[in-house]
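Undergrad: coords please:
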Amino acid sequence: MTELVPGFEPESELERKLIGDPVMVEGLAWGKPRGGHPEGRVGEHVADLLATLDEWDEPAPRRSELRFMALVHDTLKNRVQNWRPRTGENHHATRARRFAERYVDDERILAAIELHDRPYAIWKRAKRTGRPQDTALDEMLERIPDPELFLRFVELDGSTEGKDPEPLRWLREELGERGLLAKS
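TA: Model (predicted):
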């Protein structure tokens, strides 16, 4: 597994089970450098996220939740059928959620995995059209039981090279304006 996710050492029984799953191994090996992912393989991206998470010094159990999400969130990109629209059950994040459901039943984690790319899509459409996308944002937020965990994962995923920080600032601001974040 360390050849697929450089520096990775499992920290729990759950992570040991994940690294033994052939679907996981195949997914981590997939990929080449592309827009938003100059690192290439999914495993390289995951390694970057785990290194960033180490720097953040998140407390337990949040750290293990974020590690699980980092390991799984893009692992099913290789199963997307490129000749079909990349939506619904053919979206990599929905496929990742279905895979994650084999290991956890925590809706906070599952929703974050499934919807992790949605804020960027909403932000991008608002920029392209010049109109706020409040309905799309509200519909997404209705499905997220833990906005703080969701935001932290989206920030983690967006922390890698090649990602635009503007959508992260926008999402944090939107969640704050809606009173969905703890006062700091």
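Undergrad: every contact and neighbour count from this point should use C-alpha atoms.
TA: Fine.
Undergrad: which residues of the chain score low on pLDDT?
TA: Along the chain, the parts satisfying pLDDT under 70 run over 1-2, 33-40, 78-91, 184.
Undergrad: quick check: longest helix of it.
TA: Using DSSP state H to define each element, the chain has its longest helix at helix 42-56.
Undergrad: now that helix: buried residues?
TA: Within helix 42-56, the residues that qualify as buried are 42, 43, 44, 45, 46, 47, 48, 49, 50, 53, counting by 16 or more other Cα atoms under 10 Å.
Undergrad: can you list contacts of that helix?
TA: Here helix 42-56 makes contact (Cα atoms under 8 Å, 6 or more residues apart in numbering) with 4-8, 27-31, 37, 39, 63, 66-67, 70-71, 74-75, 156-157, 159-160.
Undergrad: what about dumping the CA coordinates of the next helix or strand after that helix to PDB?
TA: For helix 42-56, the following helix or strand on the C-terminal side (DSSP states H and E) is helix 62-72. C-alpha atoms of helix 62-72 as PDB (Å, rounded to 0.1, in the frame of the first residue of the first chain):
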ATOM      1  CA  ARG A  62     -12.300  13.900  13.700                       C
ATOM      2  CA  ARG A  63      -8.800  12.900  12.600                       C
ATOM      3  CA  SER A  64      -9.900   9.300  11.900                       C
ATOM      4  CA  GLU A  65     -13.100  10.400  10.100                       C
ATOM      5  CA  LEU A  66     -11.100  12.700   7.800                       C
ATOM      6  CA  ARG A  67      -8.500  10.000   7.200                       C
ATOM      7  CA  PHE A  68     -11.200   7.600   6.100                       C
ATOM      8  CA  MET A  69     -12.800  10.200   3.800                       C
ATOM      9  CA  ALA A  70      -9.400  11.000   2.300                       C
ATOM     10  CA  LEU A  71      -8.700   7.400   1.600                       C
ATOM     11  CA  VAL A  72     -12.100   6.700   0.000                       C
END
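Undergrad: and the closest residue in space to residue 14 that isn't next to it in sequence, helix, strand or coil?
TA: Leaving aside its sequence neighbours, residue 14 sits nearest to residue 103 (Cα to Cα, 6 or more residues apart in numbering; 7.5 Å). Here residue 103 is recorded as coil under DSSP: H, G, I helix; E, B strand; the rest coil.
Undergrad: before we move on, what about the one 5 residues further on?
TA: Judged by three-state DSSP, the three-state class of residue 108 is helix.
Undergrad: now do the contacts for it.
TA: 144, 145, 146, 149, 150.
Undergrad: again with residue 181
TA: Counting by Cα under 8 Å, 6+ apart, residue 181 touches 147, 148, 175.
Undergrad: switch to 7 Å and redo it
TA: By Cα atoms under 7 Å, 6 or more residues apart in numbering, residue 181 lies in contact with 148, 175.
Undergrad: residues touching the spatially most distant residue from the centre of the chain, list them.
TA: Here the centre of the chain is the reference, and by Cα atoms, centre = their mean the most remote residue is residue 130, at 26.2 Å. By Cα under 7 Å, 6+ apart, no residues touch residue 130.
Undergrad: alright, I will stop here.
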